[in-house]
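S.K.: Got a sequence here, can you build the structure:
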Amino acid sequence: MAEAVLGVGRGKTPQEILAMAEEQILRKEGIPLKIHARASAIELLGSRDDFESPLNHIILRAHTKGKTIDKMREVAADHEGACDFREEDDWFVLDCRDSGDGEEAFAALDDFAHKAALPEVWRIEGDEFRVEHISPELLFQAMIKYKASDAHLCPGQSPAFRVDSEMHPSELMGSLSSKQILGLIREMCTDRDWKEFEDHKQNSFNYHQVGLGYTRASSFIKGAAPHLTLRFLPETIPSFDDLQIPAHTMQELATTHHGLILVTGMTGSGKSTSVAALIDWINTNRQLHILSIENPIEYVHKNKMSIISQRDTGVDVDTFAEGVRGALRHDPDVIVIGEMRDADTIRSAISAAATGHLVVSTLHANTAAEVVNRIVSFFDPVERDLVKLQLRDSLRCVICQRLVPKVKAGRVPALEFMFNDINAINTAILAGDTDAIRIGMQQTASHSRIFEEYLLELYHEGVIDLDHAKEYCTDISILEQMLMGTYTIPRLESIKAAHMGSH
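M.R.: Predicted structure coming up:
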């Protein structure tokens, strides 16, 4: 570890100084077998027998003369058997050790602190950290066993697994060190990805554990410490039924010949998995050319009835936008874009959808109705009217997802569908009117569905409880009125008036 400077304050004992030093070292590099704290003319060295034990061997070294040395001799005499005083080169050494938990050694040095004040500022370093190899296979087996969506590795802690949206620490490997985590990152990624990590302090890459699954790995530096997150992706792409999403509706979308389909939601809501299931159905049932541009490639598809070409940005093509523009020359029927994250990519996607291709992509958004304005916000004001016009003509459906805890273990997707299938929605898209889009989604002539309707259905089926239905809905008053059977679709004018009144 690089040297760190620690201000401990006045009147601290060696035990307190070493505890503060260990806490700092732990966050950056993990548990050390040895700690070295030094100040002007004095040093503290603490060590332990193994990574599970407390510090039980403490050495205080000083090369000043006078009262400090006299106090060291006094402590050694008062704690005979626990401490030894000696001269070593130019240093005077108070060496304290016991075979237990270190309390006798610390008590002796605390006695010294009462006799002689210790410095306020120390330079600290840790040494001898865990170096045992972390097995990628063991991590994958653990994610499968725990049914975890993600694993998080950081120094000073055991691996943590995300299960049903909650983080759970595991004693699978004990507390990890930065050396172990850096070793795992280096082992799992390519030379190119490792160079990116060294140059930019972060990277993302795909890793395949044969027979168990894939992972979208992301490593980064935080507070000078390496962190690694792993998103588990099974080798077999789940079906609509596996995901518990409406198969008939998704199959209808999969038979669309051209236009733009967006799967939206917040991070971790299952967007990529739903897209993978949609593409797998097309791959299984239609004879097309599917071209996918991703960063990094997540689910790995194999040719079935279709030919599928997956391109990794940064490896196979420089950017999403370039990949989409180039795709038009590669005879695609379906273009999959991993994420719409900038104006150039969105512009290229809309153009591809308008020229007779089916384009499928993801976007971060909390509701389906807000997606139009979310997309428009990427563009300069002078372009926005044109973008809304293009969306009106090319957008086929927006799916928004939220993962809701089930009554029993696990989570189930709650879905909101915004089909651009009636004039009210079509007109609202052109106007960029989120409220009008949401009202249009509730018209019986549209195949759209709002979250409240979907959550109520899951509740009536006994899949989720009422508390979670209320927690994950967009408008709790709508859900409660639907429960009582008193809900009526509001008029747009009343919503606008309510908005004006709130201001």
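
S.K.: Strands of the stretch 151-300 of the chain, start to end?
M.R.: Using DSSP state E, counting those that start in this stretch, the strands of the stretch 151-300 of the chain run over 160-163, 166-169, 202-209, 213-222, 225-233, 259-265, 289-294.

S.K.: Lowest average pLDDT across these?
M.R.: Lowest mean pLDDT within the strands of the stretch 151-300 of the chain: strand 166-169, a mean of 90.

S.K.: Ramachandran angles for Ser448?
M.R.: Here is the backbone geometry of Ser448 (degrees, to the nearest 10): phi -70, psi 160.

S.K.: I'd like to know how many residues surround it.
M.R.: 24 (other Cβ atoms under 10 Å). Yep, even glycine has a C-beta here, placed from its N, CA and C like the rest.

S.K.: from here on, count from 11
M.R.: That works, and once the first residue is 11, the last one we named lands at Ser458.

S.K.: residues contacting it?
M.R.: By Cβ atoms under 8 Å, 6 or more residues apart in numbering, Ser458 lies in contact with 378, 427-429, 431, 435, 450-452.

S.K.: Look at the closest residue to it other than its chain neighbours and say how many residues are nearby.
M.R.: With sequence-adjacent residues excluded and distances taken as Cβ to Cβ, 6 or more residues apart in numbering, Ser458 is closest to Met451, at 3.7 Å. Met451: 26 surrounding residues under other Cβ under 10 Å.

S.K.: Ok, the one 10 residues further on next?
M.R.: Around Phe461 sit 25 other residues, with neighbours defined as other Cβ under 10 Å.

S.K.: surely it meets Met428?
M.R.: No - Phe461 is beyond contact range of Met428, at 11.0 Å (criterion: Cβ atoms under 8 Å).

S.K.: quick one: contacts of the one helix or strand Glu147 maps to?
M.R.: Assigning secondary structure by DSSP states H and E places Glu147 in helix 146-156. Contacting residues not belonging to helix 146-156 are listed as 158, 160-161, 169, 171, 173, 178, 180, 182-183, 194, 197-198, 217, 219, 222-223, 225, 240, 242 [Cβ under 8 Å, 6+ apart].

S.K.: How about stretch 196-212?
M.R.: Stretch 196-212 has contacts (Cβ under 8 Å, 6+ apart) with 146, 195, 213, 215, 217, 227-231, 325.

S.K.: and if we set it to 10 Å?
M.R.: 143-146, 149, 192, 195, 213-219, 225, 227-232, 234, 236-238, 240, 306, 324-325 (Cβ atoms under 10 Å, 6 or more residues apart in numbering).

S.K.: now Ile41: how far from Arg20?
M.R.: As judged by Cβ to Cβ, to the nearest Å, Ile41 and Arg20 stand 28 Å apart.

S.K.: Please disregard the earlier target; I meant His258.
M.R.: From His258 over to Arg20 (counting by Cβ to Cβ), the distance is 72 Å.

S.K.: next one: Ile69
M.R.: Distance of Ile69 to Arg20, computed by Cβ to Cβ: 23 Å.

S.K.: do the same with Leu440
M.R.: Distance from Leu440 to Arg20, by Cβ to Cβ: 69 Å.

S.K.: what about the two, which has more around it?
M.R.: A direct count of neighbours by other Cβ under 10 Å for Leu440 and Arg20 places Leu440 higher, at 15 against 8.

S.K.: which helices and strands does the helix or strand encompassing the more buried one pack with?
M.R.: Following DSSP H and E, one finds Leu440 within helix 433-441. Identification of packing neighbours for helix 433-441 by 3 or more Cβ pairs under 10 Å, 6 or more residues apart in numbering; DSSP states H and E yields helix 381-386, helix 391-404, strand 405-415, strand 421-429, helix 444-451.

S.K.: hmm, which helix or strand of this protein has the shakiest average pLDDT?
M.R.: Every helix and strand in the chain was compared by mean pLDDT, DSSP states H and E; the lowest is helix 502-512, with a mean of 55.

S.K.: list the buried ones in stretch 72-83?
M.R.: 72, 78-79, 81-82 (16 or more other Cβ atoms under 10 Å).

S.K.: can you map out the helices along the stretch 11-160 of the chain?
M.R.: 24-39, 77-88, 113-125, 146-156 (DSSP state H, counting those that start in this stretch).

S.K.: Nearest approach to Cys407 belongs to which of these?
M.R.: Nearest of the helices of the stretch 11-160 of the chain to Cys407, taken as Cβ to Cβ: helix 146-156 at 31.9 Å.
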